[in-house]
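A.B. asks: what would the 3D arrangement of this be:
(one chain, ligands or ions: 1)
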Amino acid sequence: MTDVAVQSGTTTGIGPSPSAPEAVPGIFAASGLLADGARRLGEARLRTRGGHDLPFSAARWHAPAAREEVEVLAGVRGPVLDLACGPGRLVGHLVKRGVVAVGVDAAPDAVAAAHRRGAPALLGDVWHTLPLEGSWQTVLLFDGNIGIGARPSDLLGRCAQLLAPGGSVLAEVGRPGTASVSTDARIEWCGWRSPWFPWATVAAEDIGAVARAAGFGVLRVQEAGGRSFAHLTPVAELDVLEPDVAESPKERREMLASDVAAA
Ligand SMILES: C[S@@+](CC[C@H](N)C(=O)[O-])C[C@H]1O[C@@H](n2cnc3c(N)ncnc32)[C@H](O)[C@@H]1O
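C.D. replies: Take a look at the predicted model:
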């Protein structure tokens, strides 16, 4: 990569973005990617100003829960709140299993698509008041959603407000060895380009520091199907915080310098 700088494996690169988090939901809603029948979803990209692709899989949003997601969700306790649920495939899977689960998404297309597949979902914004705050046993942040607003610690702090005592967050994170970035990105799809909006990625090795900053500890990072999922719980809930890969000394890693310059 030509436009990278080295970032220590701390959370130093995961800070506030100049853009308001509120910019994000409208952009996803406007993209059309969440609507039923959207075509050529595999061509959608999430690109940084430096031209780098961030993980993004719009085609997955309309598919059933993937095998690895089924595996990771096997042990979750309800009631489950799927934050930024998209077209509701995870909630749809959970309710079929008999788990009480609800999705929330700021895009009307996503909520409508969720309802069509029989998944309970509400129109709402992660950053605004949500139903039954303080009552959810599990909050999900799948498929890059930990990047919403480019402030992963703030987002986890928001999750803490939603959790019931003893609850936990299950957040997909980047594979070990990937970069943690806080950046502006945009969706590019079949010639359409969204405005820039704040987004972040958190690598598995960095979730410990991000979680700590929000008062969470990492129970474990689960690998499944080539993806990584962090099980997090408020530190106050832990008698003993298990050592974990995410708590190990940090590696130095790359960060997209052009994004830093642009921020
Ligand atoms: C990466 S997609 C999520 C897909 C879904 N989690 C899945 O795994 O199928 C991102 C979703 O976040 C939603 N979103 C973005 N910002 C949001 C916000 N502030 N509040 C609620 N939803 C938001 C978008 O509308 C979009 O559906």
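A.B. asks: the ligand contacts on the stretch 1-150 of the chain?
C.D. replies: 24-25, 28-29, 34, 61, 84-86, 89-90, 105-107, 110, 125-127, 142-145, 148 (CB under 6 Å from any ligand atom). The C-beta positions use only the backbone N, C-alpha and C, and glycine is treated the same way.
A.B. asks: quick one: the strands in the chain?
C.D. replies: 4-7, 45-48, 53-54, 80-83, 101-105, 121-123, 136-141, 163-173, 181-189, 192-193, 197-201, 216-224, 227-234, 253-256 (DSSP state E).
A.B. asks: the longest one: which residues count as buried?
C.D. replies: When neighbours are counted by 16 or more other CB atoms under 10 Å, the buried residues of strand 163-173 are found to be 163, 164, 167, 168, 169, 170, 171, 172, 173.
A.B. asks: so which two of the residues you listed are the farthest from each other?
C.D. replies: Across the buried residues of strand 163-173, the longest distance by CB to CB is 22.9 Å; it joins 164 and 173.
A.B. asks: wait, residue 67 sits on residue 93?
C.D. replies: No - counting by CB atoms under 8 Å, residue 67 stays clear of residue 93, with 11.0 Å between them.
A.B. asks: who has more neighbours, those two?
C.D. replies: Applying other CB atoms under 10 Å to residue 67 and residue 93 shows that residue 93 carries more neighbours, namely 19 against 10.
A.B. asks: return the member of the strands of the chain having the minimum mean pLDDT.
C.D. replies: The stretch with the lowest mean pLDDT among the strands of the chain is strand 4-7, at a mean of 26.
A.B. asks: residues in contact with whatever residue of the stretch 151-263 of the chain ends up closest to the ligand?
C.D. replies: Proximity of the stretch 151-263 of the chain to the ligand (CB to the nearest ligand atom) peaks at residue 172, 8.1 Å away. By CB atoms under 8 Å, 6 or more residues apart in numbering, the contact set of residue 172 is 141, 142, 143, 144, 145, 146, 227, 228, 229, 230.
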